[in-house]
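[1] this one's structure only:
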């Protein structure tokens, strides 16, 4: 049920216009590859809504992951679609995608976690380790209610699973499996745990080719990271899991900046456990650079340089048009996209229905570590020299024909124009009449 609710968040009583089942942190839904999703939405709010299954490689049509439908107030709607047997397994999430109200609804509390399958199945030695799901949401309020169209800049109350600065206890030496997802609207989380290493094994619901050790995690809006971590050996101290101060601008005067915040306190308690080694043999994932590329495109993300309309964001020189198609792709092709950012602030590229492989960032070849569905676009200090990310996108999944979108996942930017429609056409069953292409 989507409807109004009064919930306490970080010791503040907040009047929400719409939450799922009266919860700021709704249930984490678990499904398996090969399942059929049947999700009934009863809209008891005063706004149109819908549900996007972020990261799912499923049909974008009909009762599937269809971001073009509106569930109006007092309507009950049932989603009904199959998950392919070979669907990637890991952490995903769900949220509304009504255009142009995505910022209003996600920042207003409508988002939750979604897990497919058992990503640890290839590692029987990890079968019994503790699992922690950590879903990051932030909240800005005005007069006891969520701010209607919050800007990313400035302070915001950041929570883990709806809890403000919780305490986490770990057993010394115990390996744990952490699933961290940024399911907020606009802000980045740059996380550190007092220098303790994280061993990343998956991102965006895709198992990686190796475990990558790092002491810093960067999660743009929409990003999910799954990792292994050991309980710290020192039982005489508290470790701070912190979101560091972050700015999306090329300089201090550009983009959005927000201060640091303590996210959680980690305490090591109990008897020490003999550490399990981090797996070194991960399943093989095909490197798409080894196969043919059928087409190349350049996609340009840009801020509007018109001083009379500074809050307009563009893809390909235009703002979003709900009623036409910007990109048409034939089912079965593999494409290389060069995604440029001409803005002096960061943007976040996300595409629905498919994953991609990042091959280059600003001309530097990237090591192959696996696939993802969200990537950060660095800001440029000179608009004549855009930053670039090259990705290879396989449009080969036979369930994805239809219309969907790609956009900046700083969703305020998407609402203000930084989104485009794409249609994947099955040549054996083309749409009739043909889709209207943007001029």
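    All right, it came through fine. A quick note: this is a predicted structure, and the numbers were derived from the prediction, not measured.

[2] So what's the gap between stretch 255-275 and the chain middle?
    In this view, stretch 255-275 has its centroid 22 Å away from the chain centroid, taken as CA atoms, centre = their mean, to the nearest Å.

[3] how long is that stretch end to end?
    Terminal residues of stretch 255-275 lie 43 Å apart, using CA to CA, to the nearest Å.

[4] How about the contacts made by the residue of the chain most remote from its centre?
    If you look at how far each residue of the chain sits from its centre, by CA atoms, centre = their mean, the farthest one is residue 271, at 36.9 Å. Neighbour list for residue 271: 171, 172 [criterion: CB atoms under 8 Å, 6 or more residues apart in numbering]. The way it works is simple: take the backbone N, C-alpha and C, and place the C-beta from them, glycine included.

[5] Could you do residue 377 as well?
    Residues near residue 377 by CB under 8 Å, 6+ apart: 301, 339, 341, 346, 347, 348, 349, 387, 389.

[6] Which of these lies at the shortest distance from residue 181?
    In terms of CB to CB, no member of these lies closer to residue 181 than residue 348, at 14.2 Å.

[7] Quick check: which element contains the closest one?
    strand 347-351 (DSSP states H and E).

[8] those strands in the stretch 151-300 of the chain, which residues are they?
    With DSSP state E, counting those that start in this stretch as the criterion, the stretch 151-300 of the chain has strands at 157-160, 167-170, 175-182, 189-193, 198-203, 206-214, 217-219, 224-230, 238-243, 246-247, 257-258, 261-268, 295-303.

[9] Need those in JSON lines (columns: mean neighbour count and mean pLDDT).
    Converted to JSON lines, these look like this (neighbours: other CB atoms under 10 Å; pLDDT from 0 to 100):
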{"stretch": "strand 157-160", "mean neighbour count": "20", "mean pLDDT": "98"}
{"stretch": "strand 167-170", "mean neighbour count": "16", "mean pLDDT": "97"}
{"stretch": "strand 175-182", "mean neighbour count": "22", "mean pLDDT": "98"}
{"stretch": "strand 189-193", "mean neighbour count": "20", "mean pLDDT": "98"}
{"stretch": "strand 198-203", "mean neighbour count": "23", "mean pLDDT": "98"}
{"stretch": "strand 206-214", "mean neighbour count": "17", "mean pLDDT": "96"}
{"stretch": "strand 217-219", "mean neighbour count": "19", "mean pLDDT": "98"}
{"stretch": "strand 224-230", "mean neighbour count": "23", "mean pLDDT": "98"}
{"stretch": "strand 238-243", "mean neighbour count": "18", "mean pLDDT": "97"}
{"stretch": "strand 246-247", "mean neighbour count": "18", "mean pLDDT": "97"}
{"stretch": "strand 257-258", "mean neighbour count": "18", "mean pLDDT": "95"}
{"stretch": "strand 261-268", "mean neighbour count": "18", "mean pLDDT": "97"}
{"stretch": "strand 295-303", "mean neighbour count": "17", "mean pLDDT": "97"}
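
[10] Save the ones you listed as TSV, and put in distance to residue 313 too.
    Listed next are those as TSV, based on distance: least, CB to CB, whole Å:
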stretch	distance to residue 313
strand 157-160	24
strand 167-170	37
strand 175-182	20
strand 189-193	22
strand 198-203	25
strand 206-214	27
strand 217-219	21
strand 224-230	24
strand 238-243	25
strand 246-247	18
strand 257-258	18
strand 261-268	27
strand 295-303	6
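
[11] Tell me the pLDDT of the residue nearest to residue 355 when sequence neighbours are not counted.
    Counting by CB to CB, 6 or more residues apart in numbering, the nearest residue to residue 355 once its immediate chain neighbours are dropped is residue 371, at 4.0 Å. According to the predicted model, the pLDDT of residue 371 comes to 98.

[12] tilt between the helix or strand following the strand holding residue 348 and strand 347-351?
    The C-terminal neighbour of strand 347-351 among helices and strands, as given by DSSP H and E, is strand 357-361. Between the axis of strand 357-361 and that of strand 347-351 there is an angle of 150 degrees, by axes from the mean of the first three to the mean of the last three CA atoms, to 10 degrees.

[13] Pull the residues that contact strand 357-361.
    287-289, 336, 365-366, 368, 370-372, 375, 378, 387-392.

[14] Tell me, how many residues neighbour the closest residue in space to residue 176 that isn't next to it in sequence?
    Counting by CB to CB, 6+ apart, residue 130 is the residue found nearest to residue 176 once chain neighbours are left out, at 4.7 Å. By other CB atoms under 10 Å, the residues close to residue 130 number 12.

[15] Now do the contacts for residue 130.
    By CB under 8 Å, 6+ apart, the contact set of residue 130 is 174, 176, 177.

[16] Closest one of those residues to residue 31?
    Out of the contacts of residue 130, the member with the shortest distance to residue 31 (by CB to CB) is residue 177, at 18.4 Å.

[17] Now the closest residue to the closest one other than its chain neighbours: phi and psi?
    Of all residues not flanking residue 177 in the chain, residue 131 sits nearest, at 4.8 Å (CB to CB, 6+ apart). Torsion angles at residue 131 (phi, psi; degrees, to the nearest 10) stand at phi -110, psi 140.

[18] can you tell me which residues contact residue 131?
    Counting by CB under 8 Å, 6+ apart, residue 131 touches 176, 177, 178, 179.

[19] Please look at the third one and residue 231 and confirm they touch.
    It stands for residue 178. No: counting by CB atoms under 8 Å, residue 178 sits too far from residue 231 to count as a contact (11.6 Å).

[20] residue nearest the centroid of the protein?
    Geometric centre of the chain, nearest residue: residue 222, 1.7 Å, by CA atoms, centre = their mean.

[21] was I right about that one contacting residue 52?
    No: the pair residue 222 / residue 52 is not scored as a contact, 10.5 Å apart, by CB under 8 Å.

[22] just to revisit the earlier point, could I get the pLDDT score of the residue nearest to residue 176?
    97.

[23] quick one: it from residue 43, how far?
    For residue 130, the distance to residue 43 (CB to CB, to the nearest Å) stands at 37 Å.

[24] Where does pLDDT dip in the chain?
    For the chain, no stretch is flagged by pLDDT under 70.

[25] Try it again at 80.
    In the predicted model of the chain, residues 305-311, 383-384, 432-434, 439 satisfy pLDDT under 80.

[26] where do the helices sit along it?
    For the chain, the helices defined by DSSP state H occupy 102-107, 411-415.

[27] who wins for proximity to residue 248 among those helices?
    Ranking the helices of the chain by proximity to residue 248 (CB to CB) places helix 411-415 first, at 10.3 Å.
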